[in-house]
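Undergrad: pasted the sequence and its predicted model underneath.
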Amino acid sequence: MFSHPIRRIARRPLGPIATIPLLALGGCGMQVLDPAGDVAQQQAHLVIISTVLMLLIIVPVLALTVFFAWRYRASSTTAEHRPDWDHSTGLELVIWSAPLLIIIALGAITWISTHTLDPYRRLSRIAPGQAIAPGSKPLEIDVVALDWKWLFIYPEQGIATVNQLALPINREVRFRISASSVMNSFYVPTLAGQIYAMPGMETKLHAVLNRTGTFEGFSANYSGAGFSGMHFPVEGMSGGDFDRWVARSRVAAGRLDSAAYLVLAKPSEDVPARRWASVDPMLFDHIVNMCVAPGQSCTNATMRMDMTARTSGVAPVPIDDSAHPATDGGAKGALLRSPQEKGASPRQSAPANAPTLPSHT
């Protein structure tokens, strides 16, 4: 795509130097500016509009810098020399009014787009000039960032996949996003902007895919040793192809329940795509509320108990740790132990080679 322009530039004076940035850009996928969904298309327009508005200042400033350097060079005999000049009302108006107008324009665009493209807000259209049909229901997909792979649960279809996301084109999709351990970020550049995935929390993203094909999704937030392998293909399919893909997934072996999830959640790298024919309908809610393992108290239940106790004026019932044994068979952490369980230990001595600090009397 860049071969002919680069060839022409290279033949000009200083051409080889000018081609270096273009060659660097040639390795970029340019996915942000080549979207396959309406939300990403609107975001790409924002990038272009913002860049053009800022160039209205940057380009004249750079051009005038070169002009003034040439015009008022030491060897010039035509430039007027005015050492006492210190003010120009007209120049001040230009210098301050142009940036002010650009800031106002950027502010207005940002305010409008922030509300229009709110990821928690349902879409008003699936394509330019094509509104969402009244009463239409978005496709629900639950997303969980694991160490180091992506889990996708389709509640309506009752299936689940790892590192494989299939979407029907021209249908609104509502993602519910969470994480198993550390903060992560779900990002499909051709679909919509990135949304953070956080343990114990649920974020949302509404988007639509308008073009068939295979696109790239990945983690946009460093999350540990296997972060570089957190890539997954996004398959854009027609409605019929998506239904057939769901039917094939339903004959896959295995059910994703709490026990299978705890095995899956263990850290692993470069995990191949996998599917489950059925899934526990409460699994995602348990993941968000951090109570997948047996004996764990769900955070929403704990918060509800605390709120009920506050409103009723009754002190909350203390949690009996003995009813919640450690899930890995090991000892409880120090914060969960009673003073009797912690016991006493001698004061730890400093390492033998540690420097001795002077005493203060």
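TA: That came in fine, so what should we check first?

Undergrad: can you give me the strands for the stretch 251-361 of the chain?
TA: Using DSSP state E, counting those that start in this stretch, the strands of the stretch 251-361 of the chain run over 255-256, 274-276, 278-279.

Undergrad: just the stretch 101-250 of the chain next, same as before
TA: Using DSSP E, counting those that start in this stretch, strands in the stretch 101-250 of the chain cover 125-127, 130-131, 139-146, 149-154, 159-162, 165-168, 173-179, 184-187, 195-197, 203-207, 213-219, 231-237.

Undergrad: with distance to A301, mean pLDDT and mean neighbour count added, can I get those strands in a markdown table?
TA: C-beta: built from backbone N, CA, C; applies to glycine. Converted to a markdown table, the strands of the stretch 101-250 of the chain look like this (distance: least, Cβ to Cβ, whole Å; pLDDT from 0 to 100; neighbours: other Cβ atoms under 10 Å):
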| stretch | distance to A301 | mean pLDDT | mean neighbour count |
| --- | --- | --- | --- |
| strand 125-127 | 38 | 91 | 16 |
| strand 130-131 | 40 | 90 | 12 |
| strand 139-146 | 20 | 96 | 22 |
| strand 149-154 | 21 | 96 | 23 |
| strand 159-162 | 24 | 96 | 24 |
| strand 165-168 | 31 | 96 | 22 |
| strand 173-179 | 17 | 96 | 22 |
| strand 184-187 | 25 | 95 | 24 |
| strand 195-197 | 23 | 95 | 21 |
| strand 203-207 | 21 | 96 | 19 |
| strand 213-219 | 30 | 94 | 17 |
| strand 231-237 | 32 | 95 | 18 |
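
Undergrad: L56 is in contact with I102, isn't it?
TA: Yes: between L56 and I102 there is a contact under Cβ atoms under 8 Å: 6.3 Å.

Undergrad: before we move on, back to that, tell me which of the strands of the stretch 251-361 of the chain lies nearest to D118.
TA: strand 278-279 (28.9 Å; Cβ to Cβ).

Undergrad: which elements pack onto the closest one?
TA: In terms of contacts (3 or more Cβ pairs under 8 Å, 6 or more residues apart in numbering; DSSP states H and E), strand 278-279 is packed against strand 159-162, strand 255-256.

Undergrad: F227 is nearest to which of the ones you listed?
TA: strand 159-162 (16.3 Å).

Undergrad: what lines up beside that closest one in the sheet?
TA: strand 149-154 (antiparallel), strand 274-276 (antiparallel) (DSSP bridges).

Undergrad: domain ranges for the protein?
TA: 1-30, 31-73+91-117, 133-288 (automatic domain parsing).

Undergrad: tell me, how many neighbours does P119 end up with?
TA: 17 (other Cβ atoms under 10 Å).

Undergrad: wait, isn't it in contact with A192?
TA: Yes: the pair P119 / A192 is scored as a contact, 7.1 Å apart, by Cβ under 8 Å.

Undergrad: okay, and the common contacts of those two?
TA: 205-206 (Cβ atoms under 8 Å, 6 or more residues apart in numbering).

Undergrad: circling back: CSV please, covering the strands of the stretch 251-361 of the chain and showing mean pLDDT, mean neighbour count and distance to S249.
TA: Below are the strands of the stretch 251-361 of the chain laid out as CSV (pLDDT from 0 to 100; neighbours: other Cβ atoms under 10 Å; distance: least, Cβ to Cβ, whole Å):
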stretch, mean pLDDT, mean neighbour count, distance to S249
strand 255-256, 93, 18, 11
strand 274-276, 94, 20, 5
strand 278-279, 94, 20, 10
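
Undergrad: now tabulate these in a markdown table and tack on distance to R71.
TA: Converted to a markdown table, those look like this (distance: least, Cβ to Cβ, whole Å):
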| stretch | distance to R71 |
| --- | --- |
| strand 255-256 | 71 |
| strand 274-276 | 67 |
| strand 278-279 | 71 |
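
Undergrad: of those, which is nearest Q43?
TA: Between the strands of the stretch 251-361 of the chain, strand 274-276 lies closest to Q43; by Cβ to Cβ that is 30.6 Å.

Undergrad: mind listing residues that contact the closest one?
TA: 159-164, 249, 252, 254-256, 260.

Undergrad: pipe the helices and strands packed on strand 278-279 into a markdown table and attach distance to P233 per row.
TA: What follows is the helices and strands packed on strand 278-279, written out as a markdown table (distance: least, Cβ to Cβ, whole Å):
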| stretch | distance to P233 |
| --- | --- |
| strand 159-162 | 11 |
| strand 255-256 | 20 |
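
Undergrad: out of the ones you listed, which comes closest to Y222?
TA: strand 159-162 (20.5 Å).

Undergrad: what's the weakest-modelled helix or strand in this protein?
TA: helix 3-10 (a mean of 44; mean pLDDT, DSSP states H and E).

Undergrad: the chain: helices as residue ranges?
TA: 3-10, 15-26, 38-71, 89-116, 239-249, 258-264, 283-288, 299-312, 339-342 (DSSP state H).

Undergrad: can you give me the mean pLDDT across the fourth one?
TA: Average pLDDT, helix 89-116: 90.

Undergrad: next, the buried residues of that helix.
TA: If you call a residue buried by 16 or more other Cβ atoms under 10 Å, then helix 89-116 has these buried ones: 102, 113.

Undergrad: quick one, that helix and helix 38-71 angle?
TA: 170 degrees (axes from the mean of the first three to the mean of the last three Cα atoms, to 10 degrees).

Undergrad: what is helix 89-116 packed up against?
TA: Against helix 89-116 (3+ Cβ pairs under 8 Å, 6+ apart) you get helix 38-71.
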